[in-house]
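Engineer: pasting the structure only:
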């Protein structure tokens, strides 16, 4: 897809009112952003926000989360896929932070350069590429695009990524080149909402998608549906 076409698709994506949202999580401190990202990867914004709200309301502080059972944390994360695994990662992360800082505050990373801060985050056993990129994007002021399966699927269908590109690092580099820093967070929010409401893995709802007119996959799907409808209406001679 030509660069100008990619920019048109990107602008439509990030400016569409129906796809905007999730600004509340932008203001989270580093540790809480990490926790939020553990629930956000592979989940919708609403699911992640509910899980995070459950953690904040059901437990007195992050230390209580740390010393709680996996089962108790899993119940708070109900609604997320692999809730047990996420609960184990969360407890492990908080334990690592406590053992190294004797607190639950990672704001010191703000004083490091982005590369050093990102490197420090990757050392936590619970970290993933998505989690680190999200913290860098939302809490450390850097340019990073957190990629999960839904983001990759939609970016490929929209033509923002070459469908043949499989390497995650190459995909991230490509998207970070296409998406300017100022649009990084809106892009991540919008494409995630698009994936949840329309761009499903199986049988995507292209006919209702607000980006169908600019999406190569959507145009193909809508065209095929129209051709099928015309064929069904045709009367045999």
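Structural biologist: Arrived safely. Fair warning: this is a prediction, and the values are worked out from it, not measured in the lab.

Engineer: could you report the distance from residue 205 to residue 221?
Structural biologist: Here residue 205 is placed at a distance of 9 Å from residue 221 (C-beta to C-beta, to the nearest Å). Where you see a C-beta, it was placed from the backbone N, CA and C, and this is true even at glycine.

Engineer: compare the two (neighbour count), which wins?
Structural biologist: Higher neighbour count among residue 205 and residue 221: residue 221, with 19 against 13, using other C-beta atoms under 10 Å.

Engineer: gap between the more buried one and residue 9?
Structural biologist: According to C-beta to C-beta, residue 221 stands 16 Å off from residue 9.

Engineer: for residue 113, give me phi and psi.
Structural biologist: Main-chain dihedrals, residue 113, degrees, to the nearest 10: phi -70, psi 160.

Engineer: quick one: residues contacting residue 70.
Structural biologist: 84, 87, 88, 91 (C-beta atoms under 8 Å, 6 or more residues apart in numbering).

Engineer: highest neighbour count among these?
Structural biologist: For these, neighbours tallied by other C-beta under 10 Å; top is residue 87, 24 neighbours.

Engineer: if I look at it, how far off is residue 190?
Structural biologist: Residue 87 is 29 Å from residue 190, by C-beta to C-beta.

Engineer: before we move on, the earlier item: need the contacts of residue 70 in CSV with secondary structure and distance to residue 75, can you?
Structural biologist: CSV is the format used below for the contacts of residue 70 (DSSP: H, G, I helix; E, B strand; the rest coil; distance: C-beta to C-beta, whole Å):
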residue, secondary structure, distance to residue 75
84, helix, 10
87, helix, 9
88, helix, 14
91, helix, 13
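
Engineer: and those residues, which two are furthest apart?
Structural biologist: Spanning the widest gap among these are 84 and 91, at 11.0 Å by C-beta to C-beta.

Engineer: contact partners for the residue nearest to residue 104 when sequence neighbours are not counted?
Structural biologist: In this structure, residue 104 finds its nearest non-sequential neighbour in residue 62, 4.2 Å apart by C-beta to C-beta, 6 or more residues apart in numbering. Listed by C-beta under 8 Å, 6+ apart, the contact set of residue 62 reads 31, 35, 94, 104.

Engineer: in this structure the last one contacts residue 94, no?
Structural biologist: Yes - with the criterion set as C-beta atoms under 8 Å, residue 104 and residue 94 qualify as a contacting pair; they are 6.8 Å apart.

Engineer: and stretch 209-221, which residues are buried?
Structural biologist: Going by neighbour count (16 or more other C-beta atoms under 10 Å), the buried part of stretch 209-221 is 209, 210, 211, 212, 214, 215, 217, 218, 221.

Engineer: actually stretch 159-169, not the one I wrote
Structural biologist: 159, 160, 161.

Engineer: and stretch 191-211, by the same measure?
Structural biologist: Applying 16+ other C-beta under 10 Å to stretch 191-211 flags 191-196, 198-199, 204, 206, 209-211 as buried.

Engineer: tell me which entries of those lie within helices.
Structural biologist: Counting by DSSP state H, the part of those found in helices is 191, 192, 193, 194, 195, 196.

Engineer: where does residue 26 land in three-state SS?
Structural biologist: Here residue 26 is helix, with the state taken from DSSP: H, G, I helix; E, B strand; the rest coil.

Engineer: that one contacts residue 138, correct?
Structural biologist: Yes - using C-beta under 8 Å, residue 26 is in contact with residue 138, at 5.3 Å.

Engineer: what's the overlap in contacts for the two?
Structural biologist: Shared contacts of residue 26 and residue 138, defined by C-beta under 8 Å, 6+ apart, comprise residue 185.

Engineer: more neighbours, these two?
Structural biologist: The neighbour comparison of residue 26 against residue 138 (other C-beta under 10 Å) goes to residue 138, with 24 against 12.
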